[in-house]
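Novice: need a structure here:
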Amino acid sequence: MAQLNPDFHAEIKDRIAKARDAIKIVETVQKLQAFVLDEKVDGQLVCMSKEQLKAAEILLRKSMPDLKVVEVTGAEGKDLIPEAPSEAEIGRRIAFALAQGLKAQEKVERPTKDAQQPTGSGASSG
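Specialist: Numbers count the residues shown, from 1 in each chain. Model (predicted):
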């Protein structure tokens, strides 16, 4: 008779345990909802002791994320998305970019002009 792979067997056990835990969580949530909303389950109102409520709270905290309000801000508490720049700031940025482009163009053109001019270092005889 063929024997099951031990890893496969352990994986199946793990999946079954996770499914049982999920079922317990669902049952706990349903019981809490019935308790809070004064709903009847099997014809009776759900009653829970303080200890049961605390245990349910602990279980839910470990199994479900807390839906807390989180404020997301940028560095030093500033807005995450900065305000749009003013027209003056946009003009300043454009002028800066144009000036940088002009400087870069002059650097590219300057070596070709210098190469065309005679240097004068060996042209005279003494």
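Novice: Tell me who's in contact with the most centrally placed residue in the chain.
Specialist: Centroid check for the chain by CA atoms, centre = their mean gives residue 72 as the closest residue, at 10.6 Å. Counting by CB atoms under 8 Å, 6 or more residues apart in numbering, residue 72 touches residue 80. Just so you know, the C-beta spots here come from the backbone N, C-alpha and C atoms, and that holds for glycine as well.
Novice: That one: helix or strand, and which one exactly?
Specialist: Here residue 72 is covered by no helix or strand, with elements defined by DSSP states H and E.
Novice: ok, it to residue 81 distance?
Specialist: Using CB to CB, to the nearest Å, residue 72 is found at 10 Å from residue 81.
Novice: Now for the two: what residues contact both?
Specialist: By CB under 8 Å, 6+ apart, no residue touches both residue 72 and residue 81.
Novice: Point out where the chain drops to low pLDDT.
Specialist: Within the chain, the segments meeting pLDDT under 70 span 1-4, 111-126.
Novice: Try it again at 80.
Specialist: Under the criterion pLDDT under 80, the flagged ranges of the chain are 1-9, 19-25, 59-60, 62-72, 77, 82, 110-126.
Novice: With that, I have no additional questions.
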